[in-house]
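>>> structure for the following, please:
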Amino acid sequence: MTIPSTTLDLLLLLRGSEPEGLGRADQVSYQIETAILMGILAEGDRLPTESALAAELGISPITLRQSLASLRSKGLIETSRGRSGGSVVRRQIDLSDSELRNKLRETSTEALRDLGDMGAAIASMSARLAADRADAQNVQHLEELVRRHREAADERLRRRIDSRFHVAVSIAAQSSRLTAAQLQLRAELMTIWWGQPGPDDGATVAAEQHQAIVDAIRKRDAEGAASAAELHSRAETEYLIAQHLSLTMLPGEGA
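Here you go, the predicted model:
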């Protein structure tokens, strides 16, 4: 089945997250790769027809075909021709632990603080607005993400669900700019190493923090939602800085 319009909207909002200096075809490839990495696009998802997707992305069909060819060469999608053809996501992207650790090691404490400050600002404002604007469907979706995060046994799956939770709060805030900013931030955070839960059972703490955000949104408690979201975001930053500092004490690794 072709991806729903809500998924396509998130894909479009990823524009601007790509590194500088890329041509348009490579920018689109990066958007789609990032959507796969974050779990926005999952294995088996069918992209819109080339003409429809090119129109949505504001590019020519030729440019889109170049992007799709690049993705096929990496084994991320497969394309079939004919009336029922199209491009389908073939596999999930999983960066190696070595790649993720190297990225976190190379990211300075100051840079992590900056990411954390931005994340806290986006998260708290999104939660504040969501407490005023979220509808029952938004809250139900957030509850489902909390449940899935709590039950996930795999750390990488938890990270994808955590990212989707943050994005879902911004969506519930009904702000496309906040959602775009959250998507771009989460895309960057997905490329660094989060290690394993510490002795304080970090996964359980994160799940409790998620639930506190949802509870406040459901109660229309804007202050409580903003406070809970900022607490969760700050905790993520402190965790990443601790992981970074521990990695700087280890010998460098090859990717």
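>>> pLDDT of the helix or strand hosting Ala168, averaged?
Using DSSP states H and E, Ala168 falls within helix 155-172. Averaging pLDDT along helix 155-172 gives 93.
>>> export that helix to CSV, keeping only CA atoms.
The C-alpha atoms that make up helix 155-172 are tabulated as CSV, following Å, rounded to 0.1, in the frame of the first residue of the first chain:
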residue,chain,number,x,y,z
GLU,A,155,17.7,-0.6,21.9
ARG,A,156,17.8,0.6,18.3
LEU,A,157,14.0,0.1,18.0
ARG,A,158,13.5,2.1,21.2
ARG,A,159,15.6,4.9,19.7
ARG,A,160,13.4,5.0,16.6
ILE,A,161,10.2,5.0,18.7
ASP,A,162,11.6,7.7,21.0
SER,A,163,12.3,9.9,17.9
ARG,A,164,8.8,9.2,16.6
PHE,A,165,7.3,10.2,20.0
HIS,A,166,9.1,13.5,19.9
VAL,A,167,7.9,14.2,16.4
ALA,A,168,4.3,13.1,17.3
VAL,A,169,4.2,15.7,20.1
SER,A,170,5.2,18.4,17.6
ILE,A,171,2.5,17.1,15.2
ALA,A,172,0.0,17.3,18.1
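>>> from the chain's centroid, how far away is it?
Taking C-alpha atoms, centre = their mean, to the nearest Å, the mean C-alpha location of helix 155-172 is offset from the chain mean by 6 Å.
>>> what's it in contact with?
With contact meaning C-beta atoms under 8 Å, 6 or more residues apart in numbering, helix 155-172 is reached by 10, 38-40, 94, 122-123, 126-127, 130, 133-135, 138-139, 141-142, 145-146, 148-149, 152, 178-179, 181-183, 186, 189-190, 194, 196-197, 203, 206, 210, 213, 217, 229. All C-beta spots, glycine's among them, are computed from the backbone N, C-alpha and C.
>>> could you list the buried residues of the helix or strand just after it?
Per DSSP H and E, the first helix or strand lying C-terminal to helix 155-172 is helix 176-189. Across helix 176-189, burial judged by 16 or more other C-beta atoms under 10 Å covers Leu178, Thr179, Ala180, Ala181, Gln182, Leu183, Gln184, Leu185, Arg186, Ala187, Glu188, Leu189.
>>> is it correct that the second one is in contact with Leu13?
Yes. Taking contacts as C-beta atoms under 8 Å, Thr179 lies within contact range of Leu13: 5.8 Å.
>>> could you look up the SS state of Glu78?
strand (DSSP: H, G, I helix; E, B strand; the rest coil).
>>> any idea what it is bridged to?
Val88 (DSSP bridges).
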